[in-house]
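> Pasting a predicted model and its sequence here:
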Amino acid sequence: MLTLLVSVSSHVNAGKTQERFSIMGLGDSITEGSQEFSSYLYSLWEELFSKGYDFDFIGPRKSECRIGELHHCGFSGHTVEFLNEHIDSIYHLYPADIVLLHAGHNHFSAEKPVSGMIKAYKSIIAKIHHIKPGATVFLAMVTPSGKLPKYSYIPELNRAIKKLVSSYHSSKVVLVDMATGHDYRTMTIADRVHPNKLGRERMAHIWATAIEKRFKAQHPAFRPESICYKTVGADSLSLYVFKAKGRKPHPTVVYYFAGGWKYGSPLQFFRECAWNAAHGITSISVDYRIGYLYGTQAEDAVEDGIDAIDYIRGNAKKLGVDPSRIIAAGASAGAVIAGKIPDDRLKARILYYPVVDSLQSEVSQIHRPVLFMIGTRDSFTPIDKTKAFLLRLCENNTYCDYHIFEGLPHPLFRYREPLDAVYYRIRSLTDDFLGKMFSSQ
């Protein structure tokens with residue numbers, strides 16, 4: 001017999017407000033990134049998000065990364081004088097609370113450029129503070145380069161930058177030492193200028209540490225245990241485990257992030273994992289292969305998703321997991337992965353705005369309880385297709401706790417943006433479902 005629970009939620013804009021701040025990465029190609037190398041921006045986003053900060057990157061330009069695009073004000077091939085010429089009009093449109101200024105390449109040593117560059121830095125800072133007096137400018141000493149003699153002026157420039165910042169005697173102009181300890185032999189790509197993975201992660205950490213000293217995080221840091229569950233060539237795929245307190249085996253929710261199998265990050269569900277763990281439910285966010293990083297397809301992501309569940313079940317004792325009480329949860333493409341996990345591995349599923357076309361072939365095999373949420377304006381899954389999917393679940397006599405959010409699109413909420421009442425409504429509905437699933441044992 002079908003058990004169907006349905007609710008309709010109105011679109012609510014008002015909700016819990018959070019203090020956020022905006023960050024502008026201001027510089028040249030090292031800020032912008034390219035097809036040959038990535039910017040430090042994603043690594044910085046990941047570190048700040050993990051440390052509990054609510055913030056937005058802003059600027060007129062965008063660069064691709066594993067979570068899609070990040071905004072910035074990086075201009076490849078241009079000098080600090082170019083930035084000075086344009087910052088006035090740009091900053092009027094994007095008045096960031098924090099400006100991360102790293103620019104000092106793209107001159108030649110023969111030009112003897114240092115004095116002119118210092119004048120440009122001073123002018124940039126003055127223009128920013130004229131528009132927004134409370135803004136904090138983090139001015140970086142420039143990363144050294146092995147491209148010589150072109151960049152042999154950089155040591156002199158960095159001494160001048162240090163002296164310039166000291167002259168302000170202000171907490172609104174902060175020196176950031178990107179130079180000391182930077183080794184272009186190990187931290188740059190073949191051109192000996194632009195950062196490799198080690199270099200950009202180091203830059204991100206230095207920026208994050210500087211911000212942390214001046215700005216307090218809005219939330220406690222996330223501190224999951226990272227465990228490799230699978231290797232792919234030289235890379236490893238990780239589980240981010242938030243353990244509930246106590247020694248007994250715990251019910252567990254395993255999360256798969258959204259992103260169309262091309263983009264996304266396991267950090268998407270760190271909030272949910274931390275919340276669940278604080279309420280007695282061990283929760284795990286899974287990293288899986290995505291097209292942006294691996295050139296893979298949906299089938300590869302599903303394979304990783306199943307492998308992750310099998311690893312968790314096989315290591316249940318070590319993880320403190322009750323293998324008979326595992327729920328797979330996901331959003332969008334991640335919900336498709338959760339929907340494709342075989343029934344015998346799960347107690348239930350949580351499907352947030354899934355692409356149901358990708359689940360049609362599995363629907364007859366889904367017998368475990370389902371929590372299903374979707375908006376009436378979902379462009380990937382029109383409501384008529386949602387109803388058809390629901391009818392197929394009916395034929396299975398599947399318990400389905402189904403919630404329609406009137407007027408909402410795909411996704412129901414964006415985890416990188418301010419959270420509103422919709423997010424907290426979803427969390428409340430999820431808590432209710434978890435309570436029903438786990439209260440009987």
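Everything's here; your move. Residues are numbered from 1 along each chain as shown.

> just the strands in the stretch 1-150 of the chain please.
Counting by DSSP state E, counting those that start in this stretch, one finds strands in the stretch 1-150 of the chain at the ranges 4-9, 21-27, 55-57, 61-65, 68-74, 98-102, 136-141.

> What strands flank the fourth one, and is each parallel or antiparallel?
I take that to be strand 61-65. strand 68-74 (antiparallel) (DSSP bridges).

> tell me, which strand in this protein spans the most residues?
With residue count as the measure and DSSP state E as the assignment, the chain has strand 321-331 as its longest strand.

> and that one, how far from the chain's centre?
23 Å (C-alpha atoms, centre = their mean, to the nearest Å).

> Which elements pack onto that strand?
When contacts are defined as 3 or more C-beta pairs under 8 Å, 6 or more residues apart in numbering; DSSP states H and E, strand 321-331 packs onto strand 250-256, helix 298-314, helix 333-340, strand 348-352, helix 421-438. Every C-beta, even on glycine, is put in place using the N, C-alpha and C of the backbone.

> Take those and write them to TSV, including distance to residue 374 and mean pLDDT.
Formatted as TSV, the helices and strands packed on strand 321-331 follow (distance: least, C-beta to C-beta, whole Å; pLDDT from 0 to 100):
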stretch	distance to residue 374	mean pLDDT
strand 250-256	17	98
helix 298-314	19	98
helix 333-340	10	98
strand 348-352	8	98
helix 421-438	11	97
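
> Out of these, the one nearest residue 289 is which?
When the helices and strands packed on strand 321-331 are compared by C-beta to C-beta, helix 298-314 sits nearest residue 289, at 4.9 Å.

> quick one: contacts of the following helix or strand past that closest one?
Once the chain leaves helix 298-314, the next helix or strand it forms, by DSSP states H and E, is helix 316-319. Contact with helix 316-319 is made by 227, 241, 243, 249, 252, 282, 284, 312, 322, 323, as judged by C-beta atoms under 8 Å, 6 or more residues apart in numbering.

> number of nearby residues for the fifth one?
Around residue 252 sit 29 other residues, with neighbours defined as other C-beta atoms under 10 Å.

> Is it bridged to anything, and to what?
Going by DSSP bridges, residue 252 is paired in beta bridges with residue 282, residue 326.

> re earlier: same list, the contacts of helix 316-319, but as CSV with distance to residue 44 please.
Output for the contacts of helix 316-319, formatted as CSV (distance: C-beta to C-beta, whole Å):
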residue, distance to residue 44
227, 24
241, 24
243, 27
249, 38
252, 31
282, 29
284, 25
312, 30
322, 38
323, 38
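
> and of those residues, the nearest to residue 403?
Nearest to residue 403, judged by C-beta to C-beta, of the contacts of helix 316-319 is residue 252 at 22.8 Å.

> For residue 284, see how far away the closest one is.
Using C-beta to C-beta, to the nearest Å, residue 252 is found at 7 Å from residue 284.

> repeat for residue 179
Taking C-beta to C-beta, one finds residue 179 at 40 Å from residue 284.

> These two: which has the busier surroundings?
More crowded of residue 179 and residue 284, by other C-beta under 10 Å: residue 284, with 30 against 19.

> Model confidence for that one, exactly?
At residue 284, the model reports a pLDDT of 98.

> need the contact list for it.
Residue 284 is in contact with 239, 240, 241, 242, 252, 253, 254, 255, 273, 308, 312, 319, counting by C-beta under 8 Å, 6+ apart.

> same deal with residue 291?
Going by C-beta under 8 Å, 6+ apart, residue 291 touches 261, 262, 263, 297.

> which residues does residue 26 contact?
Each residue near residue 26 by C-beta under 8 Å, 6+ apart is listed here: 59, 72, 73, 74, 83, 87, 99, 100, 101, 102, 103, 124.

> now these: which count as buried?
Taking 16 or more other C-beta atoms under 10 Å as the criterion, what is buried in the contacts of residue 26 is 59, 72, 73, 74, 83, 87, 99, 100, 101, 102, 103, 124.

> Out of those, the closest to residue 434 would be?
The closest of those to residue 434 turns out to be residue 72 (C-beta to C-beta; 38.7 Å).

> how close does the closest one get to residue 404?
Note on residue 72: its distance to residue 404, by C-beta to C-beta, is 38 Å.

> contacting residues for residue 293?
Contact analysis of residue 293 by C-beta under 8 Å, 6+ apart lists residue 66.

> Phi first, then psi, for it.
Residue 293 adopts backbone torsions of phi -90, psi -30, taken as degrees, to the nearest 10.

> Look up the pLDDT of it for me, please.
At residue 293, the model reports a pLDDT of 96.

> on that earlier part again, okay, the buried ones among the contacts of residue 26 in CSV with pLDDT next?
Shown next, in CSV, are these (pLDDT from 0 to 100):
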residue, pLDDT
59, 98
72, 98
73, 98
74, 98
83, 98
87, 98
99, 98
100, 98
101, 98
102, 98
103, 98
124, 98
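
> Identify the farthest-apart pair in those residues.
In these, two members sit farther apart than any others by C-beta to C-beta. They are 72 and 124, at 15.3 Å.

> would CSV of the buried ones among the contacts of residue 26 with distance to residue 191 be doable?
Shown next, in CSV, are the buried ones among the contacts of residue 26 (distance: C-beta to C-beta, whole Å):
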residue, distance to residue 191
59, 24
72, 21
73, 22
74, 17
83, 21
87, 27
99, 26
100, 22
101, 22
102, 17
103, 17
124, 26
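
> Output the below-cut-off pLDDT ranges for this structure.
Within the chain, the ranges that satisfy pLDDT under 70 run 1-18, 440-441.

> Just the helices from it, written as ranges.
Secondary structure of the chain by DSSP state H: the helices cover 29-32, 41-50, 80-93, 114-131, 154-168, 184-187, 197-214, 270-278, 291-294, 298-314, 316-319, 333-340, 383-395, 421-438.

> what sits up against the first one?
This means helix 29-32. Residues outside helix 29-32 that contact it (C-beta under 8 Å, 6+ apart) are 25, 39-41, 61, 63, 72-77, 100, 102-103, 105, 143, 193-195, 203.

> one more time with 6 Å, if that's ok
Contacts to helix 29-32, defined as C-beta atoms under 6 Å, 6 or more residues apart in numbering, come from residues 25, 39, 63, 72, 74, 76.

> before we move on, back to that, JSON lines for the contacts of residue 284, including distance to residue 55?
Output for the contacts of residue 284, formatted as JSON lines (distance: C-beta to C-beta, whole Å):
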{"residue": "239", "distance to residue 55": "26"}
{"residue": "240", "distance to residue 55": "21"}
{"residue": "241", "distance to residue 55": "26"}
{"residue": "242", "distance to residue 55": "22"}
{"residue": "252", "distance to residue 55": "31"}
{"residue": "253", "distance to residue 55": "27"}
{"residue": "254", "distance to residue 55": "28"}
{"residue": "255", "distance to residue 55": "23"}
{"residue": "273", "distance to residue 55": "20"}
{"residue": "308", "distance to residue 55": "30"}
{"residue": "312", "distance to residue 55": "32"}
{"residue": "319", "distance to residue 55": "32"}
